[in-house]
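K.L.:
Build me a model:
(one chain, ligands or ions: 1)
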Amino acid sequence: MAPAAFVPAPVRVPASTGRGSLGHVAATQGRRPLFFGEGVLASSHGSARVVGAPQMVAPPPRRREPSSRDTVPIDDVAAGERERLEANLSGGVVPGADSPPPPEEEEMAEYDSRRFSEANPPPPLSMKDSMDLWIENILVLYGDKEPRDTVPVAEGDVSDLMGGPFFLALHRCFKQYGPIYKLAFGPKVFIVVNDPVVCRHILRERSILYDKGVLSEILEPIMGKGLIPADYETWKTRRRAIVPGFHSAWLEFMTGMFGYCTDGLSEKLDGLIAAGEGTAPVVEMETEYSSLALDIIGKAVFNYDFKSTQTESPVIKAVYRTLREAEYRSTFLFPYWKFEPLNWIVPRQRQFRRDMKLVNNTLRKLINEAQHGKQSTELDDLKRRDYENVSDPSMLRFLVDLRGESTTNQQLRDDLMTMLIAGHETTAAVLTWATYELVQRPDIYARVRAEVDAVMGDRQSPPTFQDVKSLNLTRRVLAESLRMYPEPPLLIRRLLADDTLPGGEIGKPTNLKRGTDVFICVYSMHRSPALWEEPDVFNPDRWLKPFSNPGVEGWSGYNPPDPNRASLYPNEVNADFAFLPFGGGSRKCVGDQFAMLESTVAFATLVRRFDFSLGCAPSEVGVDTGATIHTKGGMPIRVRKRGEWDELNEASAKLAQQ
Ligand code: HEM
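P.N.:
Now for the predicted structure:
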């Protein structure tokens with residue numbers, strides 16, 4: 001791909017805390033890296049061992065036309081997921097893969113990627129693997145060994161990376177070095193990729209070769225063996241059990257619950273407006289969305305009403321601190337909390353232990369109650385359950401009742417905790433940034449309002465599952481928010497066998513050694529001028545147009561989803577891995593449809609009842625990161641009763657004349 005694609009473009013993001021750019025370009029093979037320093041980013045693991053592995057060059061990725069299996073009808077979400085999963089689990093590389101032909105046995109080295117399949121995963125990394133990779137990197141660093149790849153090395157100082165949100169620092173690197181580059185901290189090397197073809201390879205075609213690496217180490221103390229950090233065998237079993245839980249009857253019932261919980265937030269906003277006595281209050285909406293998402297996920301996952309939009313309790317506080325700790329830890333690439341004495345000395349760690357105890361006790365109680373009322377039921381009967389008339393419609397109940405699934409209470413606790421964390425801040429962030437963008441575009445806001453009015457008619461009740469299917473622009477607004485603010489902005493992987501990344505946009509395959517840590521910077525890919533027209537502009541209508549980029553190898557072009565048949569929301573498949581709001585491949589988010597339905601219902605409900613405008617200058621909204629993209633100091637939104645914001649009314653009037 002021509003380097004011109006990476007001419008720096010102004011990135012329109014809210015004011016960040018980031019500083020300066022990373023020094024100058026280091027030619028790939030020449031100068032040695034770089035970021036010696038505090039070593040904050042050094043991971044304790046992450047190296048590899050190669051036993052005489054011949055370096056293979058993968059064939060160039062073929063252009064892949066979307067096939068019928070790529071689109072998942074919303075009415076059959078769980079079935080589609082299961083089909084995908086079963087195909088993945090049935091052995092061999094994931095279907096649809098541009099995989100090389102099977103090699104001759106004697107050609108295969110110990111960690112040759114082609115040897116492995118879902119049925120025969122690569123062995124976990126050992127200490128020796130880590131040492132081997134470190135030694136190789138040190139030899140390369142001192143010029144005693146040729147690097148095995150030609151990937152540019154981002155040079156600079158570690159403080160350049162640490163001076164603000166990490167993903168923004170990576171985005172600066174992306175603009176300087178292109179779609180694949182390396183961050184090197186002495187002997188510790190991270191490969192950063194932002195190319196759809198390479199992402200497809202890592203997430204789908206060779207997903208078996210990549211585990212969650214440092215992310216698992218960080219999250220394991222909180223999530224245990226939940227899906228995100230779980231070892232492969234546990235993940236395989238639990239994902240099989242959990243995915244069918246998101247079946248369409250349950251999602252439909254949940255849609256009603258999303259509306260019910262949003263009504264709680266609406267009542268609170270009504271109260272604040274009334275208390276303002278004529279002055280529209282400025283409400284910190286990031287916090288409100290966070291409370292709403294907590295209420296929803298608590299009800300959905302274990303039928304627990306946090307009522308956090310209305311009250312505060314010790315459990316809520318403990319949950320929040322635990323969630324914050326999970327986020328805080330995911331910004332550290334060195335798991336210092338694994339050093340046990342610190343857990344007793346550092347006040348933050350002591351607080352964390354107390355919080356975990358309280359949260360675990362609450363979860364244990366709920367799990368015991370669910371086990372008590374266990375009614376072993378076939379999957380098909382669970383999918384036909386009359387959710388309107390069951391006392392506990394939660395995911396926990398489903399997992400306990402599912403016939404043939406027997407698991408420990410500890411595993412259930414880990415499953416629930418993982419879903420609580422994974423489904424909370426992510427959804428809150430989508431709503432926060434969608435609001436931020438929309439209030440700056442009264443023209444689009446007026447159209448969303450008109451759409452919601454048209455679909456809802458005179459009904460005051462929240463949107464239903466059927467309504468969501470008609471809220472086309474509203475759904476595109478949320479998809480566009482996820483493009484501009486992907487949650488999380490980075491995906492983290494570690495390679496478990498030697499592998500060759502396809503050329504992708506840089507046109508050259510890249511050889512990687514077992515143990516290499518890889519970051520997929522989704523944020524950069526979603527804002528790449530090579531893939532998106534005016535990537536920094538909020539334009540929900542971009543999702544209406546098919547487009548393609550012939551400059552990108554393997555790019556088959558984005559196909560807008562067909563609302564009559566396909567997934568209601570743009571996704572990684574119809575965008576051919578250029579859009580990764582929920583990841584992709586076998587580790588794709590299990591809660592994607594749940595989250596999008598939730599955001600659509602909440603957003604439409606609020607748009608119908610209130611006029612939101614920004615309570616400060618756009619540039620005053622700063623960006624920060626944990627696992628998701630947060631604001632630096634909140635999202636101040638002026639809240640008025642519907643019809644009281646003049647600019648929006650004018651835009652609506654103009655729209656009516658057209
Ligand atoms: C807008 C909201 C959400 C976003 C943007 C989001 C995003 C993601 C992404 C990008 C991944 C893949 C991570 C990776 O590949 O490393 C993921 C995984 C996951 N998400 Fe979500 N998520 C959201 C909501 C939810 C909800 C509501 C739930 C549960 C109810 C959930 C549960 C999970 C789980 C369990 C995984 C791990 C899947 C696995 O490894 O098999 N997420 N999510």
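K.L.:
With adjacent residues omitted, what lies nearest to residue 541?
P.N.:
Nearest residue to residue 541, sequence neighbours excluded (C-beta to C-beta, 6 or more residues apart in numbering): residue 476, at 7.1 Å. Using the backbone N, CA and C atoms, a C-beta is placed for each residue, glycine as well.
K.L.:
Hmm, I typed the wrong one, I wanted residue 591.
P.N.:
With C-beta to C-beta, 6+ apart as the criterion, residue 591 has its nearest non-adjacent residue at 5.0 Å, and that residue is residue 423.
K.L.:
okay, now that neighbour: neighbour count?
P.N.:
By other C-beta atoms under 10 Å, the residues close to residue 423 number 23.
K.L.:
likewise the one 3 residues further on?
P.N.:
Other residues near residue 426 number 23, with proximity taken as other C-beta under 10 Å.
K.L.:
Show the average pLDDT along stretch 301-315.
P.N.:
For stretch 301-315, the mean pLDDT works out to 81.
K.L.:
Might you enumerate the residues of this protein proximal to the ligand?
P.N.:
Residues of the chain lying near the ligand by C-beta under 6 Å from any ligand atom: 227-228, 239, 418-419, 422-423, 426-427, 430, 487, 491, 581-583, 587, 589-591, 594-595.
K.L.:
Which ones among those residues map onto helices?
P.N.:
239, 418-419, 422, 426-427, 430, 594-595 (DSSP state H).
K.L.:
could you dump the residues you listed to CSV with pLDDT and distance to residue 129?
P.N.:
What follows is those, written out as CSV (pLDDT from 0 to 100; distance: C-beta to C-beta, whole Å):
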residue, pLDDT, distance to residue 129
239, 94, 26
418, 93, 27
419, 92, 32
422, 89, 29
426, 93, 32
427, 96, 37
430, 97, 38
594, 95, 37
595, 96, 36
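K.L.:
Most widely separated two among those?
P.N.:
239 and 430 (23.2 Å; C-beta to C-beta).
K.L.:
Compare those two and say which one has the larger neighbour count.
P.N.:
residue 430 (28 against 19).
K.L.:
what does the model give the closest residue to the ligand within the stretch 451-600 of the chain for pLDDT?
P.N.:
Nearest residue of the stretch 451-600 of the chain to the ligand: residue 591, at 2.3 Å (C-beta to the nearest ligand atom). Looking at residue 591, its pLDDT reads 95.
K.L.:
buried set for the helix or strand hosting residue 130?
P.N.:
Taking DSSP states H and E as the criterion, residue 130 maps to helix 127-141. Within helix 127-141, the residues that count as buried by 16 or more other C-beta atoms under 10 Å are 129-130, 132-134, 136-137, 140-141.
K.L.:
what residues are up against residue 308?
P.N.:
Residues near residue 308 by C-beta atoms under 8 Å, 6 or more residues apart in numbering: 291, 294-295, 316.
K.L.:
Excluding sequence neighbours, find me the nearest residue to residue 287.
P.N.:
That would be residue 634: by C-beta to C-beta, 6+ apart, it lies 6.8 Å from residue 287.
K.L.:
what does residue 171 give?
P.N.:
Excluding its sequence neighbours, the residue lying closest to residue 171 (C-beta to C-beta, 6+ apart) is residue 524, at 5.0 Å.
K.L.:
Double-check that neighbour against residue 169; I have them as touching.
P.N.:
No. Counting by C-beta atoms under 8 Å, residue 524 sits too far from residue 169 to count as a contact (10.8 Å).
K.L.:
So these two - more neighbours on which side?
P.N.:
Counting neighbours by other C-beta under 10 Å for residue 524 and for residue 169 shows that residue 524 has the greater number, 28 against 24.
K.L.:
neighbours around residue 470, how many?
P.N.:
Counted with other C-beta under 10 Å, the neighbours of residue 470 add up to 15.
K.L.:
Report how many residues lie close to the residue lying closest to it once chain neighbours are set aside.
P.N.:
In this structure, residue 470 finds its nearest non-sequential neighbour in residue 455, 4.6 Å apart by C-beta to C-beta, 6+ apart. By other C-beta under 10 Å, the residues close to residue 455 number 20.
K.L.:
pLDDT at residue 455, what is it?
P.N.:
With respect to pLDDT, residue 455 scores 96.
K.L.:
give me the element it is part of.
P.N.:
Assigned by DSSP H and E, residue 455 falls within helix 442-456.
K.L.:
just checking, next helix/strand downstream of that helix?
P.N.:
Next along the chain after helix 442-456, taking DSSP H and E as the criterion, comes helix 465-470.
K.L.:
For that next one, which helices and strands make contact with it?
P.N.:
helix 248-275, helix 442-456, helix 592-609 (3 or more C-beta pairs under 8 Å, 6 or more residues apart in numbering; DSSP states H and E).
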